[in-house]
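**Q** coords please:
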Amino acid sequence: QVQLVETGGGLVQAGGSLRLSCAASEHTFKSLHVGWFRQAPGMEREFVSGISWNGGTTYTTDSVKGRFTISRDSAKNTVYLQMNSLKPEDTAVYYCAAAATWRRGYSGPSEYNYWGQGTQVTVSS
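**A** Numbering: from 1, shown residues only. Down below sits the predicted model:
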């Protein structure tokens, strides 16, 4: 079992920045692909960005491309989501998730085996 803990959410004005962190205590986290998802009220959970187990491959959804950057620090067993130029439409609960494989693709929530509890990001206009 891998436990994921997200931190770094909060309230920020439009145009501001936040950095989300997803930390795990288990050594196996290093071998897992990690994705960030978000869910706004009344909306389905959507893929935001993902990074392969070795950090060599990343994916980012078009709506945040150029503004959000995913990275991982294996020494700290942590994956980050740097979010710049935030917009009100970025407001959502953000979740990190870990997957043993991306056999069916990287963007589907069902591909991920482990989930964090989520962290709220609110962007005011």
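**Q** pLDDT score for the residue positioned nearest the centre of the chain?
**A** With distances taken as CA atoms, centre = their mean, the residue of the chain nearest its centroid is Trp36 (2.2 Å). For Trp36, the pLDDT comes out at 98.
**Q** and the strand or helix carrying Glu6, what does it pack onto?
**A** Taking DSSP states H and E as the criterion, Glu6 maps to strand 4-7. Contact here means 3 or more CB pairs under 8 Å, 6 or more residues apart in numbering; DSSP states H and E; on that basis strand 4-7 packs against strand 18-24, strand 92-99. C-beta coordinates here come from the backbone N, C-alpha and C atoms, glycine included.
**Q** Name the residues that touch that strand?
**A** Outside strand 4-7, the residues that touch it by CB atoms under 8 Å, 6 or more residues apart in numbering are 20-24, 94-98, 114-119.
**Q** Drop anything exposed from these.
**A** Neighbour counting with 16 or more other CB atoms under 10 Å marks 20-24, 94-98, 114-116, 118-119 as buried within the contacts of strand 4-7.
**Q** Skipping adjacent residues, who's closest to the residue nearest to the centre of the chain in space?
**A** Val48 (4.4 Å; CB to CB, 6 or more residues apart in numbering).
**Q** and if you look at Thr57?
**A** What sits nearest to Thr57 in space, not counting adjacent residues and going by CB to CB, 6+ apart, is Ile51, at 7.2 Å.
**Q** So for the one you found, what's the pLDDT?
**A** You'll see Ile51 listed with a pLDDT of 98.
**Q** Same question for His27.
**A** Note for His27: predicted pLDDT of 88.
**Q** The residue nearest to Thr57: how many residues sit nearby?
**A** 24 (other CB atoms under 10 Å).
**Q** Can you give me every residue that contacts the residue nearest to Trp36?
**A** Here Val48 is in contact with Gly35, Trp36, Phe37, Arg38, Thr60, Thr61, Val64, Phe68, Leu81, Tyr94 (criterion: CB under 8 Å, 6+ apart).
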